[in-house]
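In: Provided below are the primary sequence and the corresponding predicted coordinates.
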Amino acid sequence: MRVVLAGGGTAGHIEPALALADALRHLDRGIGITCVGTERGLETRLVPARGYELELVPAVPLPRAITPSLLTMPGRLAGAINATSGVLDRVKADILVGFGGYVATPAYLAAKRRGLPIVVHEANPRPGLANRLGARLTEHVFTGFPDAALPHAEFIGTPLRRDIVNLDRLSTGDKARSWFGLENDRPTLLVFGGSQGARSLNQAALAAAPVLRRAGVQVLHVLGPKNTVDHEPPPGDPQYVLLPYVDRMDLAYAAADLVLCRSGALTCAELTAVGLPAAYVPLPHGNGEQRINAERIVRGGGGLMVDDAELSPDWIIHNVLPLLHDPERVAAMSEAASRLGRKDADIMLARKVLEIAR
């Protein structure tokens with residue numbers, strides 16, 4: 001059997017696809033898996049690193065309004081559909097699974113042209129344009145959010161890597177903190193803005209660093225690969241570890257007591273799966289899905305939420321710092337977060353895909 005996975009751009013599209021790929025290989029070692037992406041996304045690094053075949057096709061962003069680019073879209077979309085059809089033919093695909101992003105639209109249309117079964121997975125509560133189109137072409141639609149507005153949708157959760165799902169934070173914590181050069185007996189804050197980082201989180205956390213350190217809090221801060229800072233915190237104790245990117249997010253989660261982060265679908269799925277409470281800062285633009293992601297967790301007691309415009313060093317000092325010195329409340333929030341997590345979405349979706357293809 002040959003399965004083609006279409007999802008690219010950000011880690012939020014790519015990581016669930018790769019988690020599904022791992023689960024498919026777990027269930028059927030002989031299965032053939034090809035990922036389709038574009039040269040603009042993180043898939044060019046993440047997919048080969050996980051050992052999967054990657055085919056690149058032209059990126060076709062769908063405009064959200066009538067602009068001059070709309071005039072060129074039909075021709076560019078036709079080219080991308082033809083390129084994706086060529087991939088499906090070369091690998092003798094039996095089924096296409098799409099996760100959204102620029103590459104998903106031509107992939108859905110190419111699969112429809114070839115008469116292949118189509119599976120759609122949508123991680124966000126408000127589906128993007130690609131998956132709204134894909135859901136019109138198939139009855140096999142699965143979601144990572146309970147109330148996603150798509151026809152035929154079945155909620156199964158978001159496929160996650162096994163090293164995240166199987167993480168035991170309590171038994172791994174000391175090893176993880178040592179990995180990053182942190183001490184084992186201090187409250188630890190993890191700061192990150194998703195796969196691309198977030199400037200507002202970086203600025204607020206760095207400005208709050210002196211007060212956090214004076215209060216005995218150590219920080220593991222992941223800037224994002226495209227972000228830089230003007231001034232790094234000086235060496236000292238407690239540690240303030242500043243990194244551009246972390247490949248071992250399982251160890252970052254194990255090292256942390258609390259997280260300051262965006263509330264993308266993948267981040268929320270991972271943090272609830274491992275039972276890690278967070279102060280969520282939804283992305284201030286887009287269609288508002290990050291706020292919906294965070295609201296569900298905050299209502300369940302597993303986190304805090306603050307608007308991007310309200311995030312400041314003072315907010316961190318007055319809201320995050322007291323939490324880090326209240327281990328009983330952190331433990332209660334951790335349990336609340338874990339009650340909202342799903343750990344088996346990868347295997348569930350893999351079984352669905354095999355069943356549909358067969």
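Out: Cool, the structure landed.
In: Going by C-alpha atoms from here, please, whenever you check contacts or count neighbours.
Out: OK.
In: Any idea how far stretch 162-180 is from the middle of the chain?
Out: Put simply, stretch 162-180 sits 19 Å off its chain's centre (CA atoms, centre = their mean, to the nearest Å).
In: How is the chain partitioned into domains?
Out: Segmentation of the chain into domains, based on automatic domain parsing, reads 2-160+343-357, 167-339.
In: Format these as JSON lines; extra columns: mean pLDDT and mean neighbour count.
Out: As requested, the domains of the chain are exported to JSON lines (pLDDT from 0 to 100; neighbours: other CA atoms under 10 Å):
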{"stretch": "domain 2-160+343-357", "mean pLDDT": "90", "mean neighbour count": "20"}
{"stretch": "domain 167-339", "mean pLDDT": "94", "mean neighbour count": "19"}
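In: Do a quick rundown of the helices in the stretch 1-150 of the chain.
Out: Using DSSP state H, counting those that start in this stretch, the helices found in the stretch 1-150 of the chain span residues 11-27, 43-49, 69-91, 104-114, 129-135.
In: list the contacts for N202?
Out: Shown in contact with N202 (CA atoms under 8 Å, 6 or more residues apart in numbering): 191-192, 223.
In: where does it land in three-state SS?
Out: helix (DSSP: H, G, I helix; E, B strand; the rest coil).
In: Please tell me how far it sits from A80.
Out: Using CA to CA, to the nearest Å, N202 is found at 37 Å from A80.
In: One more: S178?
Out: S178 sits 47 Å away from A80, going by CA to CA.
In: Grab the nearest non-local neighbour of A345.
Out: In this structure, A345 finds its nearest non-sequential neighbour in P159, 4.7 Å apart by CA to CA, 6 or more residues apart in numbering.
In: what sits up against stretch 218-225?
Out: Residues outside stretch 218-225 that contact it (CA under 8 Å, 6+ apart) are 180, 182, 186-198, 202, 212, 237-246, 252, 256.
In: Now with 7 Å, please.
Out: Stretch 218-225 has contacts (CA atoms under 7 Å, 6 or more residues apart in numbering) with 186-193, 195-197, 202, 238-246.
In: correct me, but I31 touches A21?
Out: No: here I31 does not reach A21: they are 9.5 Å apart, not a contact under CA atoms under 7 Å.
In: Show the residue spans covered by the strands in the stretch 51-200 of the chain.
Out: Using DSSP state E, counting those that start in this stretch, the strands assigned to the stretch 51-200 of the chain run over residues 53-56, 95-98, 118-122, 140-143, 153-155, 188-192.
In: Which neighbouring elements make contact with the last one?
Out: Contact partners of strand 188-192 among helices and strands, from 3 or more CA pairs under 7 Å, 6 or more residues apart in numbering; DSSP states H and E: strand 218-222, strand 258-261.
In: what angle separates that strand from strand 218-222?
Out: Orientation of strand 188-192 against strand 218-222 (axes from the mean of the first three to the mean of the last three CA atoms, to 10 degrees) gives an angle of 20 degrees.
In: Need the contact partners of strand 188-192.
Out: With CA under 7 Å, 6+ apart as the test, strand 188-192 has contacts from 217-223, 256-261.
In: Identify the bridge partners of the residue lying closest to V119 once chain neighbours are set aside.
Out: Leaving aside its chain neighbours, V119 sits nearest to V97 (4.6 Å; criterion: CA to CA, 6+ apart). Beta-bridge pairing of V97 under DSSP bridges involves L5, V119.
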